[in-house]
Every structure is written in C-alpha cells, then in structure tokens.
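J.: Here's a sequence, model it:
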Amino acid sequence: MLWHQKTWTDDNDRPWPYPNRYICFDVEGDEFHQIYGSYAYIYYVLDGRTGMPIRKPINIFHQVFNRWQAYFNPIPADYNGDGNTEFLLASESYAIGGIAIVTPNCEILWKKALDNAVGARSLQGIGDCDGDGIPDIAFYHLDGRIACYDGKTGEVKWQVEDLQSHNSYSTGHFASGDIDSDGCDEFLYPLGSNELIAIDHHSPNHILWRAPLESESGTPILADVDGDRLAEILVCTQDGFRNILK
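T.: The predicted model follows:
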C-alpha cells in the first residue's frame, strides 16, 4: 500500500472522512495527479503521492457559497476557453443545492441555485454541442427536462421537456460524443420510459432520435465494437441484456 488516509479534522475538532466522490487530475501539468473530491460539503485537494491535503480542505457550504451545495463529483474541463482547467461541481443527488463552475482554488466562475424539486437525477454530461469550442453541460432535472447549460456563462441554451425520469440512483448517467459525424457532440441519456434519447443542438426540438428498449437501461457507452471505425452504443438493460445500437 502506498498510503492510507482516514480522516481530516476541522478547526472545531470535528473529524471528516476523506472524499467518497473524487477525480484524479493533473491540473498543474507536472505529471503528478492531484485528487479533487468531496465528502458531503467538504472540498478536498489531495496530493496523489501522499494522500495529504495540498491546502486546507474547504467547507464549501459556509466558506464559498453561503448556502447549501454538496455531494459533488468535480469534472475538469476548460469551461470558459481561457486555456486553464476549471471544475463543474457535478452531482447525481436531488439535494445538490446548485450547479457551479469553480477554479482549482475554489473561486466561483458562476453558480445557479437549485431546490430539491429540480435537483439532479444523474451525473451531468459534458460536450461541445454547437461547435463553439466551449464545453456545454447537459443536466437532467427532476421536473422532467434536460437543460443544456453554457459552460462559460451558466445560461441555459435550450432544453427538452416532458421526459420521464429513470429509477436508478447509481446508474443511468449521460454519455457524449459526435454520433452523427457533424463535428459537434450529442448527449445520450437513458429514460424511465425504456428509451435511450439522443439530444442534439441542431435537430428539431433538439431530439436526434429516441430508441425504444425492452427494459430501462443504464449509462450508455460509446465504442467501436466491430472495427468499422464508427462508434456503436452499448447499453445494459435491467432485464439482464447487453444491447448494441448502430
């Protein structure tokens, strides 16, 4: 074992577990990965070589947002096109509290509060859906809509409404990729109506297609499974089958 860290103690002598939601990423470009993650609303940046905090962990609820914001999985990308890495505080929890982009030092680029009725059902999808070079964020809200947020500003570019939520809290997340070879990314998402939906910036009503399945599916995977240099879509459904879509 390289290292083992269990808890961090805050200024009030309260011990906190180390992150249970995290990503390893080399922000500094020094070929060493840092660990960015959270436990509840404690935000950690850990040295990948030692597991020790690079800086004092942040109570993001009280020290950054001054409102509830929790249960997040940081997703790195250059969201504003400045050549630097930022993090989407992504979450699959209905109690996420909001959607936000922060710098590695936890400075807020933009934020939007969300109440529990419109919180998340799955992790968000990242992709450039309109070809402007800025990552877009696909967010399934509990009121039955997929909203496409501009990664730079947080503005909603468009949304698809009247969708049925799937029933899983652990699977059923977004996948993204250019599935129609138009040079822009599409978002794939499993619905509770036993369908896989492809969301597209350029299609009428932003729906490229809806594929019916025999059962509710989990997270789709894009891969070239037959060697034809074109991606297929692999989805596992709750009836125990693996399904390949062309």
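
J.: going forward, measure contacts between C-alpha atoms and count neighbours the same way
T.: Noted.

J.: Could you chop the protein up by domain?
T.: Following automatic domain parsing, one finds the domains of the chain at 1-120, 122-134+164-246.

J.: Could you dump those domains into CSV with distance to Gly154 added?
T.: Converted to CSV, these look like this (distance: least, CA to CA, whole Å):
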stretch, distance to Gly154
domain 1-120, 6
domain 122-134+164-246, 12
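
J.: would you list the ones you listed in a markdown table and tack on mean pLDDT and mean neighbour count?
T.: Written out in a markdown table, the entries for the domains of the chain read as follows (pLDDT from 0 to 100; neighbours: other CA atoms under 10 Å):
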| stretch | mean pLDDT | mean neighbour count |
| --- | --- | --- |
| domain 1-120 | 93 | 17 |
| domain 122-134+164-246 | 94 | 18 |
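
J.: Which one of those lies nearest to Val156?
T.: Between Val156 and the domains of the chain, the shortest separation by CA to CA is 10.8 Å, and it involves domain 1-120.

J.: start to end distance for that closest one?
T.: With CA to CA, to the nearest Å as the measure, the first residue of domain 1-120 is 36 Å from its last.

J.: same thing with stretch 72-88?
T.: Taking CA to CA as the measure, stretch 72-88 stretches 9 Å from start to finish.

J.: Make 887 the first number, not 1, from now on.
T.: Shifting the count to begin at 887 puts that one at stretch 958-974.

J.: From the chain's centroid, how far away is that stretch?
T.: On the basis of CA atoms, centre = their mean, to the nearest Å, stretch 958-974 is displaced by 11 Å from the centre of the chain it belongs to.
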